[in-house]
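**Student:** sequence and predicted structure below; questions after.
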Amino acid sequence: MRVVRSELWAGRALLVVLMVFTLLPFITIFTTALHPSGTVPNGLDWPANPQWGNFVEAFNVANMTALLISSTRIVIAVVPVALIISTMAGFAIGALRIRGANALLLLFVFGLTLPFPGIIIPIYFLERTLGIYNTQFAIVLPLIALYMPFAVFWMRSHFVNTPTEISEAARVDGASIWDLFWRIHVPLARAPMSSLGILMSVWTWNQFLLALVLVEDPTQRTMAGALGAFQGHYATDVPLLCAGTILILLPTLVIFVLFQRQIIAALLEGSIKG
Amino acid sequence: MPAPSTVKPVSTPDNRVVTLPDSSRITPGRVIRRETLVGWLFVLPALLMYSVFVLLPLLLSVLYSFFRWNGVGPATFVGLKNYLTVFQVPDLLGTISNAFWLVVWFSFIPVGIGLVVASVIHRVATGRFGAIARTILFLPQVIPLVAAGIIWGSLLSLQGLVNQALRVFGLGTFARAWLGDFDTALPAVGIIGVWVLLGFCTVLLLTGMTKISAALYESARIDGAGWFREFSSITVPLLRHEIGVCLTVTVIAALAAFDIVYVTTAGGPGNATAVPGIQIYILAFTQRQVGLASALAVMLMIMVVIIIIPIQRLSRVESTQ
């Protein structure tokens, strides 16, 4: 299609403005993080004497090693379980089309509309009753549950589009439903499963409210939860706070750059099909 | 709720392949029933987790909202009194109007700007340039919201970039601590939401636009339609579904807002930025008014439904035609 020249430039200019609006905040905290600890630097000033040591200091002060271990443990506990059980449910609803599949789907999709602060209070009291408050299970179990609406919905929309001939052929060959699932459908579902796994890892890393309410010790929390505590302690030391923030968001950026195609596609398709 | 009652209880503890005792007489109906049973066993783990940690808390929220309870002592049934309190106490009612303002900032503005921006760039955003733009615009979507809050907290502070820019342009008199000022705190929080959600909306709408046939635009041009005509007669109507999706996702994000507000203003100054999420947290976990907090939580969930249903209606009409 032919595009008028002026329009082409207007479009490009607008895009550049938008990119600058998106990137400037990142650049600002980076320059701020390089100023001497304890000062209050101006927004975009490059420091006379960049303090790269701030990153090391933030790493130590925030007890980053413990945080990394804790967050990684939570991700490892949440993601595989959530992935397997949502794939199983998506398979039953989408491929087996069991009786009540539509009602089940509706029940799960309903969860997508729930604002999370609406159910945090009972989760807190429930966990006190179950005796898991203030342990990592306090974050892990509700997170798995909270991912179910999106995850089941996402996997179901993959399975609903797999040709039924595959299942029928396997059944004729005498495969049990478990074999059908594990040997045939799971290998075919590798792509949507990996997108979902990446998304859930990032979401887990970024989870804040659950960590804030349910675990008192910041070193047992997710990264975002720990960042909240770090901010509470170092709100006045802006450069150090910015350095800590960069350290905590860096892994999410790395994951995003590595897997951006899957992440963008999953977020867009996941919401559009909804 | 699960397993139709006509099926014999043949579930085994490990729930793998279930064999019926009299398998010699399997009729088609039975096979289907057996498959349904096994199918339900596949759904069971997900359903169980979802029920215990999402659906049960949802019901408990409703239950708590009818009681006065400090979280430890005995609870007193008070009927609808907590709901009345929400309507009568100005600070609590204020959180609801703040929530509506946040919907404007987090939802209407990013979707509106995203729509215009996407329509302007959708024909130039191809190739490498387009791919890089997509990546960059998406960045705020993957970082922790807490980090977004901290970043903007420093941008909007007295020494921050926003005030620095104002001074450069000779507008230094407007400089202020944006998040600490009663008049500007809520819009300042709103801007953070725009930053986080604009990229997502733009990219989503852009993706939708690439599906609209180029021939439509071509013929509109031949008829002499300008950019605005194209925008209002082709782009917006054909993107109705995507616009609906964008609005739905961002409205929920606005009403569920917690992280950004918590780290930037914690609801202040005064109650200027107190949104339901923050107020629920404060009421339940620092003021120990669990019943009142739950009433607000229930009202929040109802608000989401009330706002989302018309959006869904409007965006669905078109897709059925």
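**Tutor:** Done, it's in.

**Student:** the stretch 201-321 of chain B: strands as residue ranges?
**Tutor:** For the stretch 201-321 of chain B, applying DSSP state E, counting those that start in this stretch gives no strands.

**Student:** extract the residue ranges of it that are flagged as low pLDDT.
**Tutor:** B:317-321 (pLDDT under 70).

**Student:** near chain A, which residues of it?
**Tutor:** Selection of the stretch 201-321 of chain B residues close to chain A by Cβ under 8 Å from any Cβ of the partner chain yields B:202-204, B:207-208, B:214, B:217-218, B:227, B:241-242, B:245, B:248-249, B:252, B:255-256, B:258-259, B:262-263, B:276-277, B:280-281, B:284-285, B:290, B:293-294, B:297-298, B:300-301, B:304-305, B:308. Where C-beta positions appear, they are placed from N, C-alpha and C, glycine not excepted.

**Student:** list buried residues within those residues.
**Tutor:** Buried by 16 or more other Cβ atoms under 10 Å in any protein chain shown: B:202-204, B:207-208, B:217, B:241-242, B:245, B:248-249, B:252, B:255-256, B:258-259, B:262-263, B:276-277, B:280-281, B:284-285, B:290, B:293-294, B:297-298, B:300-301, B:304, B:308, out of those.

**Student:** just the residues you listed: which are in helices?
**Tutor:** Cross-referencing these against helices under DSSP state H gives B:202-204, B:207-208, B:217, B:241-242, B:245, B:248-249, B:252, B:255, B:259, B:262-263, B:276-277, B:280-281, B:284-285, B:290, B:293-294, B:297-298, B:300-301, B:304, B:308.

**Student:** closest to the centroid, which residue in chain A?
**Tutor:** Residue closest to the average C-alpha location in chain A (Cα atoms, centre = their mean): A:Trp203, at 1.7 Å.

**Student:** and that residue, what pLDDT?
**Tutor:** Looking at A:Trp203, its pLDDT reads 92.

**Student:** element containing it?
**Tutor:** Per DSSP states H and E, A:Trp203 falls inside helix A:190-206.

**Student:** and that helix, what does it pack onto?
**Tutor:** Judged by 3 or more Cβ pairs under 8 Å, 6 or more residues apart in numbering or on different chains; DSSP states H and E, the packing partners of helix A:190-206 are helix A:64-91, helix A:137-159, helix A:223-234, helix A:238-258, helix A:260-273.

**Student:** run the last query once more with 10 Å
**Tutor:** helix A:64-91, helix A:137-159, helix A:223-234, helix A:238-258, helix A:260-273, helix B:127-142, helix B:145-155 (3 or more Cβ pairs under 10 Å, 6 or more residues apart in numbering or on different chains; DSSP states H and E).

**Student:** restrict it to CA atoms and write it as CSV.
**Tutor:** In CSV, the C-alpha atoms belonging to helix A:190-206 read as follows (Å, rounded to 0.1, in the frame of the first residue of the first chain):
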residue,chain,number,x,y,z
ARG,A,190,5.1,-27.6,24.1
ALA,A,191,4.9,-24.1,22.5
PRO,A,192,1.8,-22.8,24.4
MET,A,193,3.1,-24.4,27.6
SER,A,194,6.5,-22.7,27.4
SER,A,195,4.9,-19.3,26.7
LEU,A,196,2.7,-19.8,29.7
GLY,A,197,5.6,-21.0,31.9
ILE,A,198,7.6,-17.9,31.0
LEU,A,199,4.7,-15.6,31.7
MET,A,200,3.9,-17.2,35.1
SER,A,201,7.6,-17.0,36.1
VAL,A,202,7.7,-13.3,35.4
TRP,A,203,4.3,-12.8,37.2
THR,A,204,5.6,-14.7,40.2
TRP,A,205,8.8,-12.7,40.4
ASN,A,206,6.7,-9.5,40.3
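
**Student:** how distant is stretch B:196-203 from the center of its chain?
**Tutor:** Its chain's C-alpha centre and that of stretch B:196-203 lie 13 Å apart, by Cα atoms, centre = their mean, to the nearest Å.

**Student:** same check on stretch B:266-279?
**Tutor:** 18 Å.

**Student:** next up, the contacts around B:Ile192.
**Tutor:** A:25, B:105-106, B:140, B:145, B:148-149, B:151-153, B:155-156, B:179, B:257, B:260-261, B:263-264 (Cβ atoms under 10 Å, 6 or more residues apart in numbering or on different chains).
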